[in-house]
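> how does the following fold in three dimensions:
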Amino acid sequence: MIQPTKILFLDVDGVINTYRAILSGLEGFDPVSCALVNNICELSQAKIVICSSWREDRTRTEFIKILDGCGISSVHLHGDWATPVLREARGLEVRAWLESHPEVLRHAILDDGIGFEDDPRCWVATDIDFGVGLPQVISVLGLLDVDFVPMFKSKGVQVTLQDRKLWERFRAVGN
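Numbers count the residues shown, from 1 in each chain. Here you go, the predicted model:
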């Protein structure tokens, strides 16, 4: 029997590779965005599937090195680690991957939006400037049906009514 799974479809540019990191003089990826993605996976037990154009000329072994090198544990990388390259909108590539994985209970897509304009259902938008922030964390955890409050409280971050409403909105979409 296949284990039910939660999936985080992950883009690279605009999500973990940001202008904030580049302009700060950091080599590699944005450490804040990477830490937040890793925390999402730890808390939700989600597996990562790469939906970025970066998957086109890299192997799974190379992506394991990339993730481990930027602070995202490669233990979170799914065995079927990347969406198919169909040369169509990324939303269609995600849909094709999901069709071959009926064990997926819930999923979220972290992407800066290229290719998801027509299929926004489980898409959480980021931007090239800052990548992943608290609204994205709350939204993704809502889609994955994981309560964000314990994470926030354990770090001393105040939970607002607006945070709770955002989580509820995305949680309802993920059903």
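> pretty sure residue 168 sits against residue 141.
No. In this structure, residue 168 is not within contact of residue 141 by C-beta atoms under 8 Å, at 11.3 Å. Where C-beta positions appear, they are placed from N, C-alpha and C, glycine not excepted.
> those two: who's more crowded?
Between residue 168 and residue 141, counted using other C-beta atoms under 10 Å, the more crowded position is residue 141 (25 against 12).
> give the contact list for the more buried one.
40, 43, 44, 147, 148, 151, 167, 170 (C-beta atoms under 8 Å, 6 or more residues apart in numbering).
> run the last query once more with 10 Å
Applying C-beta atoms under 10 Å, 6 or more residues apart in numbering, we find residue 141 in contact with 39-40, 43-44, 46, 108, 124, 147-149, 151, 167, 170-171, 174.
> now swap in residue 12 and tell me
29, 50-55, 58, 63, 66, 70, 111-112, 131.
> by neighbours, which of the residues you listed wins?
residue 131 (28 neighbours).
> paired strands for the longest strand seen in the chain, with orientation please.
Criterion DSSP state E: the longest strand present in the chain is strand 104-111. Using DSSP bridges, strand 104-111 pairs in its sheet with strand 5-10 (parallel), strand 123-125 (parallel).
> pLDDT below threshold where in the chain?
1-2, 117-119, 175 (pLDDT under 70).
> want to throw the strands paired with strand 104-111 into CSV with distance to residue 88 and mean neighbour count?
CSV is the format used below for these (distance: least, C-beta to C-beta, whole Å; neighbours: other C-beta atoms under 10 Å):
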stretch, distance to residue 88, mean neighbour count
strand 5-10, 15, 24
strand 123-125, 16, 21
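> of all those strands, which one is nearest residue 102?
Taking C-beta to C-beta, strand 5-10 is the member of the strands paired with strand 104-111 nearest to residue 102, at 10.0 Å.
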